[in-house]
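A.B. asks: when you get a sec, could you give me coordinates for this:
(2 chains)
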Amino acid sequence: MSIDNSVVKKIANLSKINLSEKESENLKHELNKILDWVDDLKKVDTKMVEPMLSVFNENMKMRDDKVELTNTDEILSNAPDKKENFFVVPKVIE
Amino acid sequence: MSNLSDLTISQAKELLLNRSISSVELTKFFFDKISNFKNLNCFITETFDQALKMSKISDEKYKLKKDIGLMEGIPIGMKDLFCTNQIKTTAGSKILKNFIPFYESTVSKNLWEEGAVLLGKTNLDEFAMGSANTTSFFGNVVNPWKSKNDIDKKLVPGGSSGGSASAVAADLCLAATGSDTGGSIRQPASFCGLVGMKPTYGRCSRFGMIAFASSLDQAGPITKDVLDSSIMLKSMCSYDKKDSTSSKMEIPDFPKIVKLGVKGIRVGIPDEYIVDGLNSNVNDNWQKGIEWLKSEGAEIIEINLPHTQSALPTYYILAPAEASANLARYDGIRFGLREIGKDLDEVYKNTRASGFGNEVKRRIMIGTYVLSAGYYDAYYLKALKVRKLISDDFSKAFEKCDCILTPTTPGVAFGIGEKQDDPLEMYLNDVLTVPASLAGLPAISVPSGLNDEGLPIGLQIVARPFDEETCFKAAFVIEQLSNFNKLKN
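C.D. replies: Prediction:
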């Protein structure tokens, strides 16, 4: 059991998800089970192996360094709360 | 026109070209079908007004015999993971239940430019995370196929492109788009008796396709036959400067090569795909598939993919890790659901608690854990290295063979509600599809027979990067020799 209640709490905080007590308890068991299962990978010898970040082998394409304008109304069209040309967020400075 | 249901894209196009039917007629036919089969829950959003407009434009083109696209006048379903301009796009999640994009995904844009007609947005597992279409906020999808031993039992269509697969299988549209991260096109296609093609990573642009695991996500078609798959894939692919991993490789004329046969093609058979839990009907069907290809002149070669059994654990580190980063954007600030909270942190936490379902939360938690300080090397970095070994296995195998034939899934469609108690049991559905995803290879699932209960079985063909053509050729031979279209009726 590598994951205990405090680890679940820490991960939930990093993930920015509030969990009920029941959810935390379930997740503790499920995460332990899943991690025990993926632990099998420890048996694979990877000493001389380079990590593979992407299967994509072509060179990165560059675009012209030009400003592309976007419509502010469009960007704000899905905002849960907005005022004039801004997103409204809860107060962050005391 | 009694049997519009049975039409394929290629047949419908012929009727449209010789003007024995109009696109508007065809489109309206599907409105009725969709309305009559709401119990399958295939669509999240129906776009009938849009469909009528699009079909009228197509009819005009047929009339003038001008600018007729590859998919001209063909009514399709669009997985609700592809952003469609001014049309609600949810990813099957509560957190996006009211999201209306102001841009179009490149894949859907390409399809509209080729004349396809949008009937609606199809249901899916939430953020494409699932293998049974049971994690959608909009409810599970029902597979139109029934077990002859228990015709009242409702079966899953597979996932995550379950709404697309079920809609095509129930003849609610001529074809549909899917997306595949670890098997989400191929597995539902297999469960619903359809052709599902995941092209090489980079063939289809990911722009506007809501991200799950960016190094794996690829769009592809779900169709009734192999020829349709080739037509629709050709319409979907393009180089796109809006996707940094979109390929500049030339796009072949797929429909032209489909029927060229497999003479002289070397087909690899990997021992390692005889996994625990491989259903005996599926295994028997695999052996038949080998014989079919052999009878058409293919050479059968035993190959080894020694790291196969590490693929699924590797996937369940990498995909959640990427998902946890991709889904960080759903914070209730700029778009999507927002729940209130006493401060900013509470807004984030309440929004994400209320907006995400259990499977998505589970994967974000795993992903966050394997990327967190102290565990990154042991899990994430380790998985990246094993991914390289899995990819190298394929490269070595392709020195000896031109494609690899395997079953698509260990079993067939199961009952709704089964495999829900243990996430690992659900994850095992993808054990045979995930390796090709990790290596970014093209892979197709083609229906190849029925099991004892009369449910479809699929075979998978995996080929070298950018060699979708070999997938299509081998799949076409299997489609013909398995006689699946006759078995189905």
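A.B. asks: what are the boundaries of the helices in the stretch 101-250 of chain B?
C.D. replies: Taking DSSP state H, counting those that start in this stretch as the test, the helices found in the stretch 101-250 of chain B are B:106-113, B:162-169, B:186-191, B:226-236.
A.B. asks: ah, wrong one, I meant chain A
C.D. replies: For chain A, applying DSSP state H gives helices covering A:5-15, A:21-38, A:72-76.
A.B. asks: low-scoring stretches of the chain, by residue?
C.D. replies: Answering for chain A, as no chain was given. Residue ranges of chain A with pLDDT under 70: A:1.
A.B. asks: the chain in question should be chain B.
C.D. replies: For chain B, the stretches flagged by pLDDT under 70 are B:1-2.
A.B. asks: nearest to chain A: which residue in it?
C.D. replies: Nearest to chain A, among the residues of chain B, is B:Gly440, at 3.0 Å (CB to the nearest CB). For every residue, glycine as well, the C-beta is placed using N, CA and C.
A.B. asks: on the three-state scheme, that residue is what?
C.D. replies: When classified by DSSP: H, G, I helix; E, B strand; the rest coil, B:Gly440 comes out as coil.
A.B. asks: next one: it from B:Leu4, what distance?
C.D. replies: 38 Å (CB to CB, to the nearest Å).
A.B. asks: who has more neighbours out of these two?
C.D. replies: The neighbour count for B:Gly440 versus B:Leu4, taken as other CB atoms under 10 Å in any protein chain shown, is higher for B:Gly440 (26 against 17).
A.B. asks: show me the contacts for the more buried one.
C.D. replies: By CB atoms under 8 Å, 6 or more residues apart in numbering or on different chains, the contact set of B:Gly440 is A:55-56, B:200-202, B:216, B:391, B:465.
A.B. asks: not counting residues beside it along the chain, what's closest to residue 80?
C.D. replies: Chain wasn't specified; assuming chain A. Leaving aside its chain neighbours, A:Pro80 sits nearest to B:Arg338 (3.6 Å; criterion: CB to CB, 6 or more residues apart in numbering or on different chains).
A.B. asks: to clarify, I was referring to chain B.
C.D. replies: B:Asp80's closest residue in space is B:Lys121 (CB to CB, 6+ apart), at 3.9 Å.
A.B. asks: still on that earlier bit, and of the helices of the stretch 101-250 of chain B, who's closest to B:Ser246?
C.D. replies: Judged by CB to CB, the one of the helices of the stretch 101-250 of chain B that comes nearest to B:Ser246 is helix B:106-113, at 8.0 Å.
A.B. asks: counting contacts, what elements does the closest one pack onto?
C.D. replies: strand B:75-79, strand B:175-180, helix B:226-236 (3 or more CB pairs under 8 Å, 6 or more residues apart in numbering or on different chains; DSSP states H and E).
A.B. asks: so who does B:Leu371 touch?
C.D. replies: B:321, B:324-325, B:380.
A.B. asks: the residues you listed: which ones sit near chain A?
C.D. replies: Restricting the contacts of B:Leu371 to those touching chain A (CB under 8 Å from any CB of the partner chain) yields B:Ser324.
A.B. asks: restricted to helices, list the contacts of B:Leu371.
C.D. replies: Counting by DSSP H, these place B:321, B:324-325 in helices.
A.B. asks: export these to JSON lines and tack on neighbour count?
C.D. replies: Output for the ones in helices among the contacts of B:Leu371, formatted as JSON lines (neighbours: other CB atoms under 10 Å in any protein chain shown):
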{"residue": "B:Ala321", "neighbour count": "25"}
{"residue": "B:Ser324", "neighbour count": "23"}
{"residue": "B:Ala325", "neighbour count": "16"}
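A.B. asks: quick check: B:Ser10 touching B:Asp228?
C.D. replies: Yes - between B:Ser10 and B:Asp228 there is a contact at 6.2 Å, judged by CB atoms under 8 Å.
A.B. asks: now the element after the helix or strand harbouring B:Ala12, going C-ward?
C.D. replies: Per DSSP states H and E: B:Ala12 is located in helix B:9-17. Sequence order places helix B:23-36 as the next helix or strand after helix B:9-17, per DSSP H and E.
A.B. asks: residues making contact with that next one?
C.D. replies: For helix B:23-36, using CB under 8 Å, 6+ apart, the contacting residues are B:1, B:4-5, B:7, B:12, B:16, B:42-43, B:46, B:48, B:51-52, B:54-56, B:58-59, B:62, B:72-75, B:117, B:119-120, B:167, B:170-174.
A.B. asks: buried set for that helix?
C.D. replies: In terms of neighbour count (16 or more other CB atoms under 10 Å in any protein chain shown), helix B:23-36 has its buried residues at B:23-31, B:33-34.
A.B. asks: ok, stretch A:36-49 next?
C.D. replies: Under the neighbour-count criterion of 16+ other CB under 10 Å, stretch A:36-49 has A:38, A:41, A:44, A:46, A:49 buried.
A.B. asks: touching, the fourth one and B:Lys385? I think so.
C.D. replies: Yes - in this structure, A:Thr46 sits in contact with B:Lys385. The criterion is CB under 8 Å, and the distance is 3.8 Å.
A.B. asks: sorry, back to before: got a PyMOL select line for the buried ones in the contacts of helix B:23-36?
C.D. replies: Those of these that count as buried under 16+ other CB under 10 Å are selected in PyMOL with:
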select buried, chain B and resi 4+7+12+16+42+43+46+48+51+52+54+55+58+59+62+72+73+74+75+117+119+120+167+170+171+172+173+174
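A.B. asks: the contacts of helix B:23-36: which ones sit near chain A?
C.D. replies: Within those, nothing lies near chain A by CB under 8 Å from any CB.
A.B. asks: now look at stretch B:276-290 and say if it contacts chain A.
C.D. replies: No - Stretch B:276-290 does not reach chain A (CB under 8 Å from any CB); its nearest approach is 13.4 Å.
A.B. asks: give the contact list for the residue nearest in space to the middle of chain B.
C.D. replies: Geometric centre of chain B, nearest residue: B:Ile185, 1.8 Å, by CA atoms, centre = their mean. Neighbour list for B:Ile185: B:161, B:178-179, B:196-198, B:220-222, B:445 [criterion: CB under 8 Å, 6+ apart].
A.B. asks: can you put the contacts of B:Leu371 in CSV and add distance to B:Ala311?
C.D. replies: Formatted as CSV, those follow (distance: CB to CB, whole Å):
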residue, distance to B:Ala311
B:Ala321, 16
B:Ser324, 20
B:Ala325, 21
B:Tyr380, 16
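A.B. asks: what is the nearest of the contacts of B:Leu371 to A:Glu21?
C.D. replies: In terms of CB to CB, no member of the contacts of B:Leu371 lies closer to A:Glu21 than B:Ser324, at 22.5 Å.
A.B. asks: ok, and the closest non-adjacent residue to the closest one?
C.D. replies: Spatial nearest neighbour of B:Ser324, chain neighbours left out: B:Gly367 (2.9 Å); criterion: CB to CB, 6+ apart.
A.B. asks: around that neighbour, count how many other residues there are.
C.D. replies: Residues near B:Gly367, counting by other CB under 10 Å: 28.
A.B. asks: list phi and psi for it.
C.D. replies: The phi/psi pair for B:Gly367 (degrees, to the nearest 10) reads phi -60, psi -40.
A.B. asks: which residues does it contact?
C.D. replies: Contact analysis of B:Gly367 by CB under 8 Å, 6+ apart lists B:319-325.
A.B. asks: could you dump those residues to JSON lines with distance to B:Asn140?
C.D. replies: Listed next are the contacts of B:Gly367 as JSON lines, based on distance: CB to CB, whole Å:
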{"residue": "B:Ala319", "distance to B:Asn140": "22"}
{"residue": "B:Pro320", "distance to B:Asn140": "22"}
{"residue": "B:Ala321", "distance to B:Asn140": "27"}
{"residue": "B:Glu322", "distance to B:Asn140": "25"}
{"residue": "B:Ala323", "distance to B:Asn140": "21"}
{"residue": "B:Ser324", "distance to B:Asn140": "25"}
{"residue": "B:Ala325", "distance to B:Asn140": "28"}
